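> Quick one, what's the 3D model for this:
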Amino acid sequence: MTIPEYQPIPGELYDTYELAILRHQWLRLGWHAPRGECRVEAVLPIDLRTRQRAEYLVVEDLRGRRRFLRLDRVVGANAFFMHRPGIGLH
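Numbers count the residues shown, from 1 in each chain. Have a look, this model is predicted:
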């Protein structure tokens, strides 16, 4: 499977993720997974990273697992809670 070339995201979105990281704010995030399926989960953004000429949001899910989500695959983000949401709220 060939990975499409990275498409930069608007600066306002990048700023939104940076602010959520600084505030330790949980997000309800939707993205296209590598196999094409759409995922929606509650995640805590931890960091923004660049690797292999693409930008990634490092997140932690409700089970404490870390993931690297390519920013151009994110399709929506909404502020969720300022604390860890319950397991049934993803």
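
> So, low pLDDT: which residues of this protein?
In the prediction, the chain carries residues with pLDDT under 70 at positions 1-3, 81-90.

> For it, give the strand that spans the most residues.
For the chain, the strand reaching the highest residue count under DSSP state E is reported as strand 38-51.

> which residues in the protein form helices?
Along the chain, counting by DSSP state H, helices occupy 11-23.

> returning to that earlier point: the longest strand of the chain - contacts with which helices or strands?
Where contact means 3 or more Cβ pairs under 8 Å, 6 or more residues apart in numbering; DSSP states H and E, strand 38-51 is packed against helix 11-23, strand 27-32, strand 54-61, strand 66-70. To be clear about C-beta, it is placed using only N, CA and C from the backbone, and glycine gets the same treatment.

> can you redo the ones you listed as CSV with mean neighbour count and distance to residue 80?
Putting the helices and strands packed on strand 38-51 into CSV (neighbours: other Cβ atoms under 10 Å; distance: least, Cβ to Cβ, whole Å) gives the following:
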stretch, mean neighbour count, distance to residue 80
helix 11-23, 14, 9
strand 27-32, 19, 5
strand 54-61, 19, 12
strand 66-70, 16, 15
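
> so which of these comes closest to residue 77?
Within the helices and strands packed on strand 38-51, the stretch nearest residue 77 is strand 27-32; the backing value is 5.0 Å (Cβ to Cβ).
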